[in-house]
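**Q** Build me a structure from this.
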Amino acid sequence: MPHKLTRQLRFWDSVAINIGIVIGVGIFRVPAEIAKLIDHPVLIIAAWVLGGLVSLMGVLCYAELSSCFPETGGTYVYLKEAFGKTVGFLFGWTEFLVLRAGSLAGIAYVLAAYLKNFVDLGPETEKVIAITSIAFFTGLNIAGLHYGTRVQNALSILKVATLAVMTALIFTFGKNLSAPTFSAGNMQISYAFIPALIPVLWAYGGWNESTFMSGEFTDTRKELPRSLITSIAVITLLYVLINMAYLKVMPPAEMKESQSIAADIFNRMFGSMGNKIMSCAVMISACGALNSYVMTGARIPFAVAQDVRRLSWMGEVHQNYGTPAKAFIVNAVWASVLILWGNFEELLFFTGFAKWFFFILAGASVFVLRKKLADSHKGFKMIGYPWVPIIFTFVSLALFITTIVHTARAALFGAAILLLGIPVYYVISRQKQS
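**A** Numbering: from 1, shown residues only. Prediction:
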């Protein structure tokens with residue numbers, strides 16, 4: 001019999017995991033995409049604030065769900081309990097095949113790309129560095145949960161400090177650069193405001209990551225919900241402040257032409273040294289996100305393996321290290337394959353489609369599970385029920401439809417991959433007749 005995962009995680013571990021994933025490389029690139037859709041500073045800030053509020057509603061839904069089902073697997077567990085094992089498997093299938101591995105590959109590539117500012121690397125060397133970084137963090141987390149969490153705590157503190165220092169430097173030294181004003185004049189909210197929320201909420205993505213490790217928290221009913229709320233509050237504040245700093249020195253018309261806003265601003269302020277400063281900042285963020293994705297990602301195939309007999313080997317816990325070692329290795333190998341293939345970006349086209357589809361189901365599961373649990377519900381109960389899950393579900397639905405309208409081909413590809421999981425599930429879950 002495999003050993004069970006032990007409960008070691010506390011409040012600050014969860015905060016560090018969520019911050020580590022959410023504040024990745026997106027904040028250094030996403031603002032340019034938003035500026036292409038919204039051309040007024042006040043509306044841009046409003047979009048970031050609204051993104052934080054929508055994420056908070058999602059956090060409240062997940063806080064309640066995680067306290068009711070303190071098991072490793074997060075969204076997989078909630079969807080399985082609410083809608084059955086098939087729906088839960090479809091989430092695990094999609095998350096493993098594209099979303100998780102694709103994100104790991106992408107972040108590892110970013111880490112290798114920014115390392116080029118310090119070391120001369122060729123294209124093939126970049127792939128080696130990317131795969132090596134995944135292997136390093138995978139080995140670290142296989143060796144023990146305490147190693148992964150200690151490194152994550154340190155990287156998340158560095159990441160928050162880095163963003164805070166960046167914001168302060170821009171506000172202080174960017175005062176002599178040409179800047180737009182934050183007047184409310186000539187504001188016009190167009191149809192592009194809703195599509196702009198897609199990249200905004202992509203940058204907020206990952207606020208639910210620590211719930212994938214619910215079965216390893218010492219206090220899932222109180223500490224985990226509080227940590228989710230604390231995380232999104234800190235992240236929203238940092239995002240709003242850094243975007244106000246960006247807009248202080250770069251108007252939206254110029255921002256949308258920038259491939260790397262923070263690097264361009266720091267080049268203006270500090271010359272070539274600014275580029276190296278930004279490279280360090282991005283590498284710190286990339287390492288934090290990479291470690292978090294590795295840490296939480298292995299828990300998804302681990303949870304699926306508990307319910308699918310033919311995948312049970314992924315649900316084993318290493319006797320010496322107390323971690324799901326085989327699940328870690330599977331995630332790392334698949335992400336490395338995507339890096340070697342080199343076209344992993346194509347697999348990320350449908351991430352918006354898949355993400356919002358499963359968030360719709362997660363929001364709806366709050367109502368289903370409240371009814372199922374009835375009087376036995378003794379965990380965290382959100383403030384604002386039923387309006388919070390209703391609003392979160394309808395916002396997810398609106399963004400799901402927007403994704404289909406704006407990226408129809410990507411949505412079709414995403415639907416095909418997702419539906420392919422149905423016959424796969426029935427094949428691998430079929431039991432031999434006695």
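
**Q** so is Val317 in a helix, a strand, or just coil?
**A** coil (DSSP: H, G, I helix; E, B strand; the rest coil).

**Q** Can you name the residues that contact the residue nearest to Phe11 when sequence neighbours are not counted?
**A** In space, and not counting its chain neighbours, Phe11 is closest to Glu223: 4.5 Å by C-beta to C-beta, 6 or more residues apart in numbering. For the C-beta atoms, the positions are set from N, CA and C on the backbone; glycine is no exception. With contact set as C-beta atoms under 8 Å, 6 or more residues apart in numbering, Glu223 has these partners: 10-11, 14, 217.

**Q** And Leu224, by the same measure?
**A** Leu224 neighbours (C-beta under 8 Å, 6+ apart): 14, 63, 66-67, 70, 210-211, 214, 217.

**Q** Select from those residues every entry located in strands.
**A** Assigned to strands by DSSP state E, none of the contacts of Leu224 qualify.

**Q** about what we covered before: which ChimeraX command selects the buried ones in the contacts of Glu223?
**A** Command for ChimeraX that selects the buried part of the contacts of Glu223, burial taken from 16 or more other C-beta atoms under 10 Å:
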select :11,14,217
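
**Q** Looking at the contacts of Glu223, which two lie furthest apart in space?
**A** The widest separation within those, taken as C-beta to C-beta, falls between Phe11 and Phe217 and amounts to 9.0 Å.

**Q** top of the contacts of Leu224 by neighbour count?
**A** When the contacts of Leu224 are compared by neighbour count (other C-beta atoms under 10 Å), Thr211 ends up highest, at 33 neighbours.

**Q** burial of Ile229, as a residue count?
**A** When neighbours are defined as other C-beta under 10 Å, Ile229 has 17 of them.

**Q** how near is it to Val54?
**A** 14 Å (C-beta to C-beta, to the nearest Å).

**Q** what's the answer for Gly24, then?
**A** Using C-beta to C-beta, Gly24 is found at 18 Å from Val54.

**Q** who has more neighbours, the two?
**A** Neighbours per residue (other C-beta under 10 Å) separate Gly24 from Val54, with Gly24 holding more: 26 against 20.

**Q** correct me, but Met57 touches Ile390?
**A** No. Between Met57 and Ile390 there is no contact under C-beta atoms under 8 Å: 9.4 Å.

**Q** Show me which of these two is the more surrounded one.
**A** The neighbour count for Met57 versus Ile390, taken as other C-beta under 10 Å, is higher for Met57 (22 against 16).

**Q** I'd like to know how many residues surround the closest residue to that one other than its chain neighbours.
**A** Leaving aside its chain neighbours, Met57 sits nearest to Phe392 (4.0 Å; criterion: C-beta to C-beta, 6+ apart). Neighbourhood size, Phe392 [other C-beta under 10 Å]: 25.

**Q** tell me which element Phe392 is part of?
**A** helix 387-406 (DSSP states H and E).

**Q** chain center to that helix, what's the gap?
**A** The gap between where helix 387-406 is centred and where its chain is centred comes out at 18 Å by C-alpha atoms, centre = their mean, to the nearest Å.

**Q** Packing partners of that helix?
**A** helix 41-68, helix 193-203, helix 351-373, helix 408-429 (3 or more C-beta pairs under 8 Å, 6 or more residues apart in numbering; DSSP states H and E).

**Q** His146 is nearest to which of those?
**A** Taking the helices and strands packed on helix 387-406 one by one with C-beta to C-beta, helix 41-68 is closest: 21.6 Å.

**Q** now the closest one against helix 193-203, angle please.
**A** 50 degrees (axes from the mean of the first three to the mean of the last three C-alpha atoms, to 10 degrees).

**Q** which helices and strands sit right next to helix 41-68?
**A** In terms of contacts (3+ C-beta pairs under 8 Å, 6+ apart), helix 41-68 is packed against helix 30-35, helix 193-203, helix 223-249, helix 351-373, helix 387-406.

**Q** distance between it and the chain's centre?
**A** 13 Å.

**Q** and the next helix or strand after it with helix 41-68, angle?
**A** Moving toward the C-terminus from helix 41-68, the next helix or strand (DSSP H and E) is helix 75-83. With the same axes, to 10 degrees applied, the angle from helix 75-83 to helix 41-68 works out at 70 degrees.

**Q** what comes into contact with helix 75-83?
**A** The set of residues external to helix 75-83 that reach it, using C-beta under 8 Å, 6+ apart, is 65, 69, 71, 73, 87-89, 91-92, 95, 208, 211-212, 214, 300, 303-304, 307, 358, 361-362, 364-365, 368-369, 372.

**Q** Go again with 6 Å.
**A** With C-beta atoms under 6 Å, 6 or more residues apart in numbering as the test, helix 75-83 has contacts from 65, 69, 71, 87-88, 91-92, 300, 303, 361-362, 365, 368-369.

**Q** Which one of the residues you listed is nearest to Leu419?
**A** Nearest to Leu419 among the contacts of helix 75-83, counting by C-beta to C-beta, is Val87 at 12.3 Å.

**Q** distance of the residue nearest to Phe11 from Ser312?
**A** With C-beta to C-beta as the criterion, Glu223 and Ser312 are 31 Å apart.

**Q** Same check on Asn331?
**A** As for Asn331, its distance to Ser312 is 17 Å (criterion: C-beta to C-beta).

**Q** what do you get for Thr218?
**A** Using C-beta to C-beta, one obtains 27 Å as the distance from Thr218 to Ser312.

**Q** Number of residues surrounding Lys116?
**A** Per other C-beta under 10 Å, the neighbour tally for Lys116 reads 14.

**Q** Ok, Trp341 next?
**A** Trp341 has 11 nearby residues by other C-beta under 10 Å.

**Q** and the closest residue to Ala196 other than its chain neighbours, helix, strand or coil?
**A** Excluding its sequence neighbours, the residue lying closest to Ala196 (C-beta to C-beta, 6+ apart) is Leu37, at 4.1 Å. Using three-state DSSP, the secondary structure recorded for Leu37 is coil.

**Q** pLDDT score for Leu37?
**A** Listed pLDDT for Leu37 reads 85.
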